[in-house]
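Student: Give the three-dimensional model of this entry:
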Amino acid sequence: MLKTALKLSAVSLALSGGILAAHAGGLERSSQDFDILFEEGNVVETGATFVAPQRKLKNIRGSVFPANPVPNQNFGKPFDTEVDEGKTYWVPKLSAKIQLTDELGCAVQYREPWGIDTDSGINNARMFSAIEQEISSRDYGLNCAYRFSAGEKGFFRILGGVSYQELKGRQTKISGVPLDPNNPRNLTFANSTLDVDDSAFGWRLGAAYEIPEIALRASLVYQSKVNYDLDGTVGVSLIGAPLNFLTPVSGSVATPQSVEFKFQTGIAPDWLALASIKWTDWKSITKIGFNNSGDSPFLGGRFPVGSEVTSLDLYYKDGWTVMGGIGHKFNDKWSGAATVTWDRGTTTGLTSQTDVWLLGLGANYKATQHLEFRLAGAVGILTSGTLDNTTSAPNGGSPTGSKADFGTDVVGGMTLSAKYRF
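Tutor: Okay, the predicted model is just below:
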């Protein structure tokens, strides 16, 4: 029963932990985990998740500008009122676990925990908030688990790990630049870019209890926040004039802490029930300001040293992810699982990150004693809503903000991975 439970659990994690996490609330795409440390012996696992969100913004409106305000390449055309916001993307992962002693095992892992990739285009009112936004990350982690007996048939594990993370962010948009500091509505327009990055360390700590005879396992893991001091540049290129400005900027952000509980148990021969719940402290991320960190004023003195040049207003609320599922071993070669997952949206109205519901199905094929493959697919819905980052928004907002509606949209994904034991 133990080997069956481990195999089925791995399939379920490919469904819920792969595709859903890759499109969860906030900026989360993946995370370090301890699941490979419950495998027997030495194991190498690699795979990737493909995600295709179909989020469409409609009825884009609300900018203070008229239909044709900007002398760019689209001058003379009315603004588009609909746009596909999201892009498809891949999330890779790699894990290698070594069993050091009968009680102690450790794994090195590569993940890309945080990410976002949106493109609203340059012919709608959203371009004053963001044309393109791209956040990417890399996480190099070391996780270990120490096991000791707890009762006649049970085991208790102490789980711990550390990570080195890299974070990069980039944004382009059309900005209104005041020609007269005393009259902020007297604007000219510019192409603006923000480009920042940093690296930092994080850690995690947890515990697990298992009874192999009945395929029972429960684990609780805390992941720390990671503090970043982002440094980079803001560039401004005035439209219709050969003038370019560049200044160094700095800002601070902490990626959120989280707590996750996972549970599984055998319910009948070759059948397994699974569940998990995760809380992520997204409400800790509100406004990320970027200040002029150079030695001189920026843009003709409009931004003195130390003043805020631009900001990213998010004002998230906490994220909750709940998963339930069931797995079954069909024979010595094949096993499968089905899961249903709900991820509470983190938006407070400034973004389109609403609730996600996901149904996943997956299969695990054991090709040889040492090699197995896993394929999982999922389809879900992104719930409807309205975003508003104008001055009427309860948090953030700006005079150049806009509003948009979005209906119930579809998200699909696929995870493919391979595992080798030696």
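
Student: Tell me the first helix or strand C-terminal of the helix or strand hosting residue 188.
Tutor: Per DSSP states H and E: residue 188 is located in strand 183-211. The helix or strand immediately downstream of strand 183-211 is strand 216-223, counting by DSSP H and E.

Student: And that next one, what does it pack against?
Tutor: Contacts defined by 3 or more C-beta pairs under 8 Å, 6 or more residues apart in numbering; DSSP states H and E place strand 216-223 against strand 155-180, strand 183-211, strand 258-268. All C-beta spots, glycine's among them, are computed from the backbone N, C-alpha and C.

Student: what pairs with it, and is each one parallel or antiparallel?
Tutor: strand 183-211 (antiparallel), strand 258-268 (antiparallel) (DSSP bridges).

Student: With mean pLDDT added, can I get those in JSON lines?
Tutor: JSON lines is the format used below for these (pLDDT from 0 to 100):
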{"stretch": "strand 183-211", "mean pLDDT": "88"}
{"stretch": "strand 258-268", "mean pLDDT": "94"}
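
Student: okay, the ones you listed in TSV with mean neighbour count next?
Tutor: Output for the strands paired with strand 216-223, formatted as TSV (neighbours: other C-beta atoms under 10 Å):
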stretch	mean neighbour count
strand 183-211	17
strand 258-268	17
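
Student: Can you lay out those strands as TSV showing distance to residue 408?
Tutor: Listed next are the strands paired with strand 216-223 as TSV, based on distance: least, C-beta to C-beta, whole Å:
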stretch	distance to residue 408
strand 183-211	32
strand 258-268	27
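
Student: So which of those strands is nearest residue 291?
Tutor: strand 183-211 (11.6 Å; C-beta to C-beta).

Student: Could you dump the helices and strands packed on strand 216-223 into a markdown table with distance to residue 148 added?
Tutor: Formatted as a markdown table, those follow (distance: least, C-beta to C-beta, whole Å):
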| stretch | distance to residue 148 |
| --- | --- |
| strand 155-180 | 6 |
| strand 183-211 | 11 |
| strand 258-268 | 20 |
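
Student: Nearest to residue 406, out of those strands?
Tutor: Between the helices and strands packed on strand 216-223, strand 155-180 lies closest to residue 406; by C-beta to C-beta that is 19.8 Å.

Student: The closest one pairs with which strands, and in what direction?
Tutor: Strand 155-180 is paired, per DSSP bridges, with strand 132-149 (antiparallel), strand 183-211 (antiparallel).

Student: Could you pull out the helices in the protein for me?
Tutor: For the chain, the helices defined by DSSP state H cover 2-13.

Student: What part of it, helix or strand, is modelled with the least confidence?
Tutor: helix 2-13 (a mean of 44; mean pLDDT, DSSP states H and E).

Student: Residue 217 is in contact with residue 209, correct?
Tutor: Yes. Look at residue 209 against residue 217 with C-beta atoms under 8 Å: they come within range, at 7.4 Å.

Student: Quick check on the residue of the chain positioned farthest from its centre: phi, psi?
Tutor: Of all residues in the chain, residue 152 sits farthest from the chain's C-alpha centroid, using C-alpha atoms, centre = their mean; the distance is 41.3 Å. Per-residue torsions, residue 152: phi -70, psi -40 (degrees, to the nearest 10).

Student: Use 46 as the first number for this chain going forward.
Tutor: Done: numbering now begins at 46, and the last item shifts to residue 197.

Student: quick one on the thing from earlier: export the strands paired with strand 200-225 to TSV and tack on distance to residue 123?
Tutor: Output for those, formatted as TSV (distance: least, C-beta to C-beta, whole Å):
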stretch	distance to residue 123
strand 177-194	22
strand 228-256	17
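
Student: Quick check: which of those is nearest to residue 435?
Tutor: Of the strands paired with strand 200-225, nearest to residue 435 by C-beta to C-beta is strand 228-256, at 14.8 Å.

Student: what separates the closest one from the chain centre, distance-wise?
Tutor: Its chain's average C-alpha position is 11 Å from that of strand 228-256, according to C-alpha atoms, centre = their mean, to the nearest Å.

Student: Ok, stretch 364-372 next?
Tutor: 17 Å.

Student: Repeat that for stretch 413-425.
Tutor: Distance of stretch 413-425 from the chain centroid (C-alpha atoms, centre = their mean) equals 22 Å.

Student: Quick check: mean pLDDT of that stretch?
Tutor: Taken as a whole, stretch 413-425 has a mean pLDDT of 92.

Student: CA atoms of that stretch as PDB?
Tutor: The C-alpha coordinates for stretch 413-425 follow below in PDB (Å, rounded to 0.1, in the frame of the first residue of the first chain):
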ATOM      1  CA  THR A 413      10.600   0.200 -15.800                       C
ATOM      2  CA  GLN A 414      11.600  -0.500 -12.300                       C
ATOM      3  CA  HIS A 415      13.600   2.800 -12.300                       C
ATOM      4  CA  LEU A 416      11.800   5.000 -14.800                       C
ATOM      5  CA  GLU A 417       8.300   6.500 -14.800                       C
ATOM      6  CA  PHE A 418       6.400   9.200 -16.600                       C
ATOM      7  CA  ARG A 419       3.500  11.400 -15.600                       C
ATOM      8  CA  LEU A 420       1.100  13.300 -17.700                       C
ATOM      9  CA  ALA A 421      -1.700  15.600 -16.300                       C
ATOM     10  CA  GLY A 422      -4.100  17.900 -17.900                       C
ATOM     11  CA  ALA A 423      -6.500  20.400 -16.300                       C
ATOM     12  CA  VAL A 424      -9.200  22.800 -17.300                       C
ATOM     13  CA  GLY A 425     -10.900  25.500 -15.200                       C
END
